[in-house]
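A.B. asks: the following block contains a protein sequence and its predicted model.
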Amino acid sequence: MDPSTPASEHTMTQYHMFQIQTVAPKIRRVTFTNPPVNVVGADTVAELSAVVDDLSHDEQVQVVIFDSGTPEYFFNHADLGQMPQLLAQTGTDSTPLFIDLSIRPASAPFISIAAIRGRTRGGGDELNLAFDLRYASRKQAFFSQPEVAIGIVPGGSGSDRLPRLLGRDRALEAILTSQDYDADRAEQYGWVPRAVADAELDNLVDGVAAGIASFDRDSVLGAKAQINRATLPPEADLRASWAEFSRSVSWPGFQARVPQLGAAMAEIGLNEMERNLGHYAALMNQQA
């Protein structure tokens, strides 16, 4: 696309993995499609960063809905095959690009809303947690931070944001067990503000987006800034978590588990592994 052309002048803007659709004058829909399972790699992070830039410079945009074009998956875990590239990416002031990206939705001049159908785990869930609002399909949405089960620690803000949303004990449970949480449990714990029947999700998200888009922009962004001050983790903590994550990638436990994961995936198949990642990660540790 021509970066000098505002997104509002396009009915649809196509990146490689992301598509920006103009839903209404003040509303955009960003659809992430990276088949077969929507993993988040360095290329995903770079492209999504450009999408946020594009939308942030469009003065018409007041609400952005993020969804998925890949059935069964929203924003999934990090692409382990791109881990060196993910660790090497930097953004503003040499901040790791993933951390920069996880910070920017909160300060963006629009409200970001996640419409969650499918699994969102690890780095993908950390991007999900960075959005302002999250709504989930009861039938299709699942949540997990599986890092500990594969021998590393969360690095993209999961361990900083989940305690603020879930409380300490529930955040410890989620991160230390690495289990998948269905949408009902996620709603109960505070991972998402609301879970609804799959057939109701689009109407709910569209209605919230339309309502916010109808309000005065200054009041919307002013209220967002107030809530940011009361709730967001300090940026220094996010950078510290990324540094700890970066070190954990070199730990022997992770180095041993990567080939085990590859072998398990070859044996049972990618789709079965991804649909039940928490189960197989736990099983792999029990057999080690």
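C.D. replies: Sure thing, it's come through.

A.B. asks: element containing residue 201?
C.D. replies: helix 198-214 (DSSP states H and E).

A.B. asks: on contacts alone, who are the packing partners of that helix?
C.D. replies: strand 18-24, strand 27-32, strand 63-68, strand 111-116, strand 133-137 (3 or more C-beta pairs under 8 Å, 6 or more residues apart in numbering; DSSP states H and E). Quick note: C-beta positions are derived from backbone N, CA and C, even for glycine.

A.B. asks: following the third one, which helix or strand comes up?
C.D. replies: Secondary structure here is assigned by DSSP H and E; on that basis, the next helix or strand after strand 63-68 toward the C-terminus is helix 83-88.

A.B. asks: for that following helix, C-alpha coordinates in PDB please.
C.D. replies: What follows is helix 83-88, C-alpha atoms only, in PDB (Å, rounded to 0.1, in the frame of the first residue of the first chain):
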ATOM      1  CA  MET A  83      12.700 -16.900  17.900                       C
ATOM      2  CA  PRO A  84      16.100 -15.400  17.100                       C
ATOM      3  CA  GLN A  85      14.500 -12.800  14.800                       C
ATOM      4  CA  LEU A  86      11.800 -12.000  17.500                       C
ATOM      5  CA  LEU A  87      14.600 -11.400  20.100                       C
ATOM      6  CA  ALA A  88      16.600  -9.200  17.700                       C
END
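
A.B. asks: would you mark the buried spots in that helix?
C.D. replies: Buried residues in helix 83-88, counted by 16 or more other C-beta atoms under 10 Å: 83, 86, 87.

A.B. asks: out of these, who's nearest residue 118?
C.D. replies: Nearest to residue 118 among those, counting by C-beta to C-beta, is residue 86 at 21.5 Å.

A.B. asks: and for that closest one, nearest residue in space, chain neighbours not counted?
C.D. replies: Spatially, and ignoring its direct neighbours in sequence, residue 86 is nearest to residue 42 (4.7 Å; C-beta to C-beta, 6 or more residues apart in numbering).

A.B. asks: could you pull up the residues touching that neighbour?
C.D. replies: 79, 82, 85, 86, 88, 89 (C-beta atoms under 8 Å, 6 or more residues apart in numbering).

A.B. asks: what pLDDT does it get?
C.D. replies: On the pLDDT scale, residue 42 is placed at 98.

A.B. asks: ok, it to residue 80 distance?
C.D. replies: Noted for residue 42: a distance of 12 Å to residue 80, by C-beta to C-beta, to the nearest Å.
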